[in-house]
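K.L.:
Task: produce atomic coordinates for the following.
(one chain, ligands or ions: 1)
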Amino acid sequence: MYLLDVDGVICDFFGGVEDFFGLPLDPHSYNLAGQLGLTQTEFIEVLDEHFWANLKPMNDWLVPVLGKVILCSAAGCESPAAAAGRHKWVKKHYPELELISIRNKSLIKGTLIDDLVSNNPAILFPAPHNSLRNIKHIEEYICTKL
Ligand SMILES: [Mg+2]
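P.N.:
As a prediction, this is how the structure comes out:
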């Protein structure tokens, strides 16, 4: 069973933050709050349900190639607005999938695919802020890891 992270993998959180604040941000840094001059708490508080519910999907090839998959995201733990918005987003784009909102993803048994090194994923998903940033053909790369 694959556990699939949402933000930065199948949901364009980074682009959504740029649009929300109307500012270009550095994709190589994962500290978006810091780039905006906010604390993490201030950053999360300002992101409303509409923001979370309307993020753009990305990499729509991924779920079909994985087969059995559970979505696994920390976003819903951050605030009631994030939880509600994330729930709406999943219902809209992946109504057939279960969503687990959890910070410590290692507590769930499965093969985690995630863009954040600190989540210790079995398969690191290439992203500008991790060591796989230079991988051009992400779909090909991921398929070799499954
Ligand atoms: Mg992520």
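
K.L.:
name the helices or strands packed onto the lengthiest helix in the chain?
P.N.:
Longest helix in the chain, counting residues (DSSP state H): helix 80-93. Applying 3 or more CB pairs under 8 Å, 6 or more residues apart in numbering; DSSP states H and E, one finds that helix 80-93 contacts helix 49-53, strand 99-101. For every residue, glycine as well, the C-beta is placed using N, CA and C.

K.L.:
Turn those into JSON lines, including mean neighbour count and mean pLDDT.
P.N.:
Output for the helices and strands packed on helix 80-93, formatted as JSON lines (neighbours: other CB atoms under 10 Å; pLDDT from 0 to 100):
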{"stretch": "helix 49-53", "mean neighbour count": "18", "mean pLDDT": "98"}
{"stretch": "strand 99-101", "mean neighbour count": "17", "mean pLDDT": "97"}
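
K.L.:
Just put the ones you listed in JSON lines and tack on distance to C143.
P.N.:
Below are the helices and strands packed on helix 80-93 laid out as JSON lines (distance: least, CB to CB, whole Å):
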{"stretch": "helix 49-53", "distance to C143": "29"}
{"stretch": "strand 99-101", "distance to C143": "24"}
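
K.L.:
okay, the ones you listed in a markdown table with distance to the ion next?
P.N.:
As requested, these are exported to a markdown table (distance: least, CB to the ion, whole Å):
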| stretch | distance to the ion |
| --- | --- |
| helix 49-53 | 14 |
| strand 99-101 | 13 |
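
K.L.:
could you show me where the helices are in this structure, in order?
P.N.:
13-21, 32-35, 40-46, 49-53, 62-66, 80-93, 138-145.

K.L.:
Using CSV, lay out those together with distance to L116.
P.N.:
Output for the helices of the chain, formatted as CSV (distance: least, CB to CB, whole Å):
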stretch, distance to L116
helix 13-21, 11
helix 32-35, 13
helix 40-46, 14
helix 49-53, 18
helix 62-66, 16
helix 80-93, 16
helix 138-145, 16
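
K.L.:
Out of those, the one nearest L3 is which?
P.N.:
helix 62-66 (10.0 Å; CB to CB).

K.L.:
That closest one - contacts with which helices or strands?
P.N.:
strand 2-4, helix 138-145.

K.L.:
in it, what's buried?
P.N.:
62-63, 66 (16 or more other CB atoms under 10 Å).
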